[in-house]
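Undergrad: Dropping the sequence and predicted coords here.
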Amino acid sequence: MTAEEVVAAFLGAGATVATAESLTAGLVAAALADVPGASGMLRGGVVSYASEVKAGILGVSEQLLAEAGSVNPHVAAQMAEGARRVCGADYGVSTPGVAGPDAHDGKPVGTVYVAVAGPERTETQEFTFEGNRAEIRAAARDAALRALLAGLMI
């Protein structure tokens, strides 16, 4: 799975994407933007490390963040839906998780949620990646790209 394949598929479908990235901090958007022609499908993105940004910009429920923490499948879904809405895209993808070195919100290092919100529904997947911080972030980026392509194909 490559960013080139994702960009080609979205361009072919005439569909657009927005990102809401937490632990990947822009890696997904950067991977897409590295592909020539990506401007035809990439609308924009939000790097939302802080819960205040998740709530204030992406519209994630403050109550959910307070009760469940930021590394949560429902938070991931709301982030993806928020990216789609604020950027005016057909699809949104999000990547909250824990890259380390310490656990966060009670979740162990390597826990990642990837959500894709589309016109019909939102789907969230949970992953457990191993490795150092950079390896976990790269694995999350790649999982998000795979999820985008799968979401488009549904």
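TA: Received, thanks. This one's a predicted model, so the numbers in the text were calculated from it and none came from an experiment.
Undergrad: what's stretch 119-131 in contact with?
TA: 73-74, 76-77, 80-81, 90-91, 97, 108, 110-116, 135-136, 139-140, 143, 147, 151, 154 (CB atoms under 8 Å, 6 or more residues apart in numbering). To be clear about C-beta, it is placed using only N, CA and C from the backbone, and glycine gets the same treatment.
Undergrad: which of these count as buried?
TA: By neighbour count, with 16 or more other CB atoms under 10 Å, the contacts of stretch 119-131 hold 74, 76-77, 80-81, 90-91, 97, 110-116, 136, 139-140, 143, 147, 151 as buried.
Undergrad: hey, where'd the strands end up in the protein?
TA: All strands of the chain, identified by DSSP state E, fall at 17-21, 42-47, 91-95, 111-117, 122-128.
Undergrad: out of those strands, deepest packed?
TA: strand 91-95 (a mean of 31; mean count of other CB atoms under 10 Å).
Undergrad: roughly how far is it from the heart of the chain?
TA: Offset of strand 91-95 from its chain centre (CA atoms, centre = their mean, to the nearest Å): 4 Å.
Undergrad: now do stretch 50-65
TA: So, by CA atoms, centre = their mean, the centroid of stretch 50-65 is 15 Å from its chain's centroid.
Undergrad: List the buried residues in it.
TA: Quick answer for stretch 50-65 (16+ other CB under 10 Å): S51, V53, K54, A55, I57, L58, V60, L64, L65.
Undergrad: Please name the residues that touch P96.
TA: P96 is in contact with S22, L23, S70, V71, N72, V75, A76, M79, V112, Y113, counting by CB under 8 Å, 6+ apart.
Undergrad: how about TSV for the residues you listed, with pLDDT and distance to T124 added?
TA: Shown next, in TSV, are the contacts of P96 (pLDDT from 0 to 100; distance: CB to CB, whole Å):
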residue	pLDDT	distance to T124
S22	97	14
L23	96	15
S70	97	14
V71	97	12
N72	97	9
V75	98	9
A76	98	5
M79	98	10
V112	98	11
Y113	98	6
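Undergrad: can you tell me how far the residue most central in space within the chain sits from N132?
TA: The residue lying closest to the centre of the chain (CA atoms, centre = their mean) is S94, at 1.8 Å. According to CB to CB, to the nearest Å, S94 stands 23 Å off from N132.
Undergrad: what is the mean pLDDT for the lengthiest helix in the chain?
TA: The residue-count maximum for a helix in the chain (DSSP state H) belongs to helix 133-153. Over the span of helix 133-153, the pLDDT mean works out to 95.
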